[in-house]
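J.: pasting the sequence and the predicted coordinates here, then a few questions.
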Number of protein chains: 2
Amino acid sequence: MSDVKHMKWWGWGVDGVAFHHENKPGFAPFVKKNLGLDLKKTKGEPPTFADIDVPSSRAAESFVLLLAGIVGDEHVETDDMSRVVHTFGKSIRDLIRVRTSAFPRAVDVVVYPANEAEVRLIVDAVVASDAVLIPFGGGSNIAGSLEPLAGEERTVVSLDLGRLNRVIELDADSSLARIQAGAQGPDLEAELNEAGWTLGHFPDSFTHSTVGGWVATRSSGMQSDKFGDIADIAKGLRVVRPGGVLVLRPLPSTSTGPSVREMILGSEGRLGVITEVTVQIHRIPAKREILAYLYPTWDAGLAAMREISESDATPSITRVSDGNETLFSFATSKKSKGFSALATKGLGVFLKAKGWDTEKMCLSFVGNEGGEELVATNQKIIAGIVKKHGGITVGKGPGVLYDQKKFDTPYIRDWFLDWGGSADVSETAAPWSKLPELYRNVIASANHAFDEIGVKGWIMAHLSHSYTSGACLYFTFAYLDTGDAITNYDVVKSAIQQAFIDAGGTLSHHHGVGLEHAPWMEQDISTEGVKVMRGLFGAVDPGRHFNPGKVLLDE
Amino acid sequence: MSDVKHMKWWGWGVDGVAFHHENKPGFAPFVKKNLGLDLKKTKGEPPTFADIDVPSSRAAESFVLLLAGIVGDEHVETDDMSRVVHTFGKSIRDLIRVRTSAFPRAVDVVVYPANEAEVRLIVDAVVASDAVLIPFGGGSNIAGSLEPLAGEERTVVSLDLGRLNRVIELDADSSLARIQAGAQGPDLEAELNEAGWTLGHFPDSFTHSTVGGWVATRSSGMQSDKFGDIADIAKGLRVVRPGGVLVLRPLPSTSTGPSVREMILGSEGRLGVITEVTVQIHRIPAKREILAYLYPTWDAGLAAMREISESDATPSITRVSDGNETLFSFATSKKSKGFSALATKGLGVFLKAKGWDTEKMCLSFVGNEGGEELVATNQKIIAGIVKKHGGITVGKGPGVLYDQKKFDTPYIRDWFLDWGGSADVSETAAPWSKLPELYRNVIASANHAFDEIGVKGWIMAHLSHSYTSGACLYFTFAYLDTGDAITNYDVVKSAIQQAFIDAGGTLSHHHGVGLEHAPWMEQDISTEGVKVMRGLFGAVDPGRHFNPGKVLLDE
């Protein structure tokens, strides 16, 4: 049995950590009013693994022995638990299916190589045996990038990179670190911190995702405004392919034709197995501070974020929640902490006296990091822009809390599933000029979808990841479901995705494509764009051994 | 006859502009000492076009008529001058060949479409007629990206984008401009400036290159530290392909699989014809200032640049010349202007008193642009770093002159050719940790090559385009040649390119690949990287109609 740790088979994160509402006085009334959920009733529980019906492994014994010959017996697994853990990611679709034993196809065998040499042998064995290989990092994907295709007749191998988890080399002069693909966020960040460095890449999935997974899905972290998306951060790559290793040395920039580096980025396993990433790192900044602001309206918040992106300020985090998400933040606050200062009647009275509708005000966080002077200069510029757009500065307290709690949100979804609820996220990016209408259209489309499936739905959003030309909008939606959960989810999710595309946004800013978003690829990158990408996949993997059917659905 | 303007058929830039040494008192002694060139002798002249022997067009009359039916008679050319202008770029190899009637293969017909619809018809006609199409922008390429393959049996069409030259749309909220691919630097920049914007992209070729060409070759401008390389700047693209248009809408960032945008970038015509680019633009900054600095040694200058790149300062230009290039700058100064302040005996005495070897001191320029406060803050940080590394601040004068003269250098090469000299440039990028050794090895390799061909050679370099992880080193070399100019050039150029690769640098930071750098592709992006790229080219253009053999040589 491998000692690589995984998330709960039925949900997010580690055993023993879960969302609790009891210490949040505003939460019960909030879900009662907005979702019709009565917390006085009795909550359900996730199933036990004994209740789950797992399809048998189809791997031939000889093939399993072949893999064991490469990595050792103890690093090959065919037991049900291991195969279930490696079959899905953590989308709501995945969680619903795993709880209901709905496995269109489970992986057949899980293999844990110790090093790149073993990865090469596995890759060659997979091709020689006409099997299928799906690389597995932290398993946090929510776009359906990890599951085998329903009709896959061949043996499906999940290659878990969990043992390739070290920081190999640190080039202090160049601020570069060579890191093995299976290194998880907290581990690599701790190792870098110890030497005085940070990667600065903190996606929502940070606690359970890997640097290889970030590259394979084009991840973006919460501090991307300063540190860049993973596409900016990943300077060098090693990718195991049949018969050889693709090596891209770390280069600050290069003009060597179409970028192979940018082909590997987002390839979700289709071009080979990423074994190593050389990343841009940064000295831990002298100062790091996140300030909270409030805006009277979403449009004001949006306009302020746009102006900050165009200004001389260089923040690391720019984030503003819409009215609904702001209400949700207040509802999840503990009595004694955090947003209590905002939620006090005193502030409410003050803001109402200013003419604000406190049901519609928008909470914003802007983070700055660097030398004392940079942080102060940025905060001054930003304060001026906030004021110009009618906002007020709230201070440091909520920012500290945001920083502490920023990775906890996925736990709420598991809790909500126990209550019979469906909750998920969908995100996009678009030019600034298109964001106001995109936002309105997505909200309208989601509400129309809620009506269609007959639920009292809730949708909320925030802007994050600002660029000079636009930003990411991140939507979270939830409803109590009494019908077919997957069918209903499809209605809502599709409505939101289509609204993204129709308003000039992309199908995903940083969640990747997988199976979930693949139907919108042609609308996003055009028919000719799909042809070019399909040409690449076909030429590079003619035998369809590497995570086939992801990103682009089979024709 | 088309009214699209082109550079001189035999050299850089426009008629009537040329380099003159007479008003530069230090120049004659400089070239005498370092190149053995005696300017008291009589200079040669470029040939007249009547002296040039141009291969006949192989285009069938029916094919020319087909093209004329698409664009109109006056926009199809088969005359010798037009075909010569479109056969080569402006590398030293190109200039030597054009002066000596050495055309391995000339283009057969030049066509000037008026719009994207006409480009589509031309592309379809080329494929239907089994011809070859080479897109042509400003013709400034120095990597052999424009010439037909020597053994090409099919009709070769040069598609000149010169009539697609407008700024189509300006999205002020998103700081985006849609620009037709054939728009040249000065024209599009003037149009943007008028509306209060700048693109901020100023490659050395700026005055004679196009936005489509920048994208096709992965250009980088002198102010890339702030504004990014063209790969960062180009947000949206339209590319005509057989049967359709590949459309990538402008998006700030996206996670839609392998980046098709980054496949078009650097594709040098192999994936289709770029007709439109949506670029990131910026409001013209309130202040822009370039300050000059001097360092006692190259290593000190390099170390200072590295530290600036890691600091909170956000300059637009970071540049430092080595000792030789600094001497060259002094030698090309007019008596009454510019560097005269540096070259005065007073400064020399002062620096020698400080213990400097003034033959080895290094001139540096750092530019800042933005609000008054940003510029002041940056300059303060930079001044501290300069001082720490033993440098001194010289002031604004030389920076103003640098800004005025920055696009003039290529004219010197034509002048030098008239004297029987060969001069060219070669540039790379590498991580900071590798730059000191890379520099030393390149200089040693070039000097060894000079010995090999028996010339008194000169090589000089500067660092420009800083990134957090590394920078570009740009080398210029020159010698009087009495042997076979092409053979000798190959010896020197190859030695430098191989030294780049061996020291961890790329074959080119921003000059592209073409035919010139293609032999190093496998060493740069690895055998598997080449396989992936070759797979892409093969799948997307199986008939080899689009600039075949460039970037990757035919197998």
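T.: That came through fine.

J.: pull the helix or strand with minimum mean pLDDT from chain A.
T.: helix A:340-343 (a mean of 55; mean pLDDT, DSSP states H and E).

J.: can you list the residues of the stretch 51-200 of chain A near chain B?
T.: Within the stretch 51-200 of chain A, the positions near chain B by CB under 8 Å from any CB of the partner chain are A:171-176. Every residue, glycine included, has its C-beta placed from N, CA and C.

J.: 10 Å instead, please
T.: A:143, A:171-176 (CB under 10 Å from any CB of the partner chain).

J.: is residue A:113 in contact with residue A:158, as I believe?
T.: No - assessed by CB atoms under 10 Å, residue A:113 is found out of contact with residue A:158, at 11.8 Å.

J.: was I right about residue A:208 contacting residue A:137?
T.: Yes - look at residue A:208 against residue A:137 with CB under 10 Å: they come within range, at 9.2 Å.

J.: higher neighbour count, these two?
T.: The residue with more neighbours, out of residue A:208 and residue A:137, is residue A:137; 29 against 23, by other CB atoms under 10 Å in any protein chain shown.

J.: redo the residues of the stretch 51-200 of chain A next to chain B as CSV? Include neighbour count, distance to residue B:414 and secondary structure.
T.: Shown next, in CSV, are those (neighbours: other CB atoms under 10 Å in any protein chain shown; distance: CB to CB, whole Å; DSSP: H, G, I helix; E, B strand; the rest coil):
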residue, neighbour count, distance to residue B:414, secondary structure
A:143, 23, 55, coil
A:171, 18, 42, strand
A:172, 14, 45, coil
A:173, 16, 40, coil
A:174, 28, 38, coil
A:175, 24, 41, coil
A:176, 24, 41, strand
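
J.: follow-up on the earlier one: identify each buried residue in the helix or strand just after the least confident helix or strand of chain A, please.
T.: Using DSSP states H and E, the helix or strand that follows helix A:340-343 in sequence is helix A:345-353. Applying a neighbour-count criterion of 16 or more other CB atoms under 10 Å in any protein chain shown, one finds A:347, A:351 buried in helix A:345-353.

J.: what about the next helix or strand after helix A:345-353, near chain B?
T.: Using DSSP H and E, the helix or strand that follows helix A:345-353 in sequence is strand A:362-370. Yes - judged by CB under 10 Å from any CB, strand A:362-370 and chain B are in contact via A:369-370.

J.: put the alpha carbons of strand A:362-370 into CSV.
T.: Presented in CSV, the C-alpha positions along strand A:362-370 are these (Å, rounded to 0.1, in the frame of the first residue of the first chain):
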residue,chain,number,x,y,z
CYS,A,362,-19.8,44.7,-2.1
LEU,A,363,-16.8,43.5,-0.1
SER,A,364,-13.4,43.8,-1.6
PHE,A,365,-9.9,42.7,-0.8
VAL,A,366,-6.7,44.1,-2.2
GLY,A,367,-3.4,42.6,-1.2
ASN,A,368,0.0,44.2,-1.6
GLU,A,369,3.4,42.6,-1.0
GLY,A,370,7.0,43.9,-1.3
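
J.: residue most distant from the centroid, chain A?
T.: What lies farthest from the middle of chain A is residue A:353; by CA atoms, centre = their mean that is 39.7 Å.

J.: for residue A:346, see how far away that residue is.
T.: 11 Å (CB to CB, to the nearest Å).

J.: again, but for residue A:288
T.: Distance from residue A:288 to residue A:346, by CB to CB: 29 Å.

J.: repeat for residue A:147
T.: Distance from residue A:147 to residue A:346, by CB to CB: 51 Å.

J.: circling back to that earlier point, joint contacts of residue A:208 and residue A:137?
T.: Common neighbours of residue A:208 and residue A:137, counting by CB atoms under 10 Å, 6 or more residues apart in numbering or on different chains, are residue A:184.

J.: local confidence estimate at residue A:336?
T.: If you check residue A:336, the pLDDT there is 54.

J.: tell me the gap between the host helix or strand of residue A:328 and the middle of its chain.
T.: Using DSSP H and E, residue A:328 falls within helix A:323-331. Chain-centre distance of helix A:323-331: 21 Å, with CA atoms, centre = their mean, to the nearest Å.

J.: relative to strand A:362-370, how tilted is that helix?
T.: Interaxial angle, helix A:323-331 versus strand A:362-370 (axes from the mean of the first three to the mean of the last three CA atoms, to 10 degrees): 80 degrees.

J.: looks to me like residue A:423 is in a strand.
T.: Yes - per DSSP: H, G, I helix; E, B strand; the rest coil, residue A:423 lies within a strand segment.

J.: count of neighbours near the closest residue to it other than its chain neighbours?
T.: Nearest non-adjacent residue to residue A:423, counting by CB to CB, 6 or more residues apart in numbering or on different chains: residue A:478, 3.8 Å away. Using other CB under 10 Å, residue A:478 has 26 neighbouring residues.

J.: one step back: okay, the helix holding residue A:328 in PDB with CA atoms only?
T.: C-alpha atoms of helix A:323-331 as PDB (Å, rounded to 0.1, in the frame of the first residue of the first chain):
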ATOM      1  CA  GLY A 323     -23.800  41.800  -3.100                       C
ATOM      2  CA  ASN A 324     -24.800  38.200  -2.700                       C
ATOM      3  CA  GLU A 325     -21.300  36.900  -2.000                       C
ATOM      4  CA  THR A 326     -20.800  39.800   0.500                       C
ATOM      5  CA  LEU A 327     -24.000  38.600   2.300                       C
ATOM      6  CA  PHE A 328     -22.700  35.100   2.300                       C
ATOM      7  CA  SER A 329     -19.400  36.300   3.800                       C
ATOM      8  CA  PHE A 330     -21.200  38.000   6.600                       C
ATOM      9  CA  ALA A 331     -23.400  34.800   7.100                       C
END
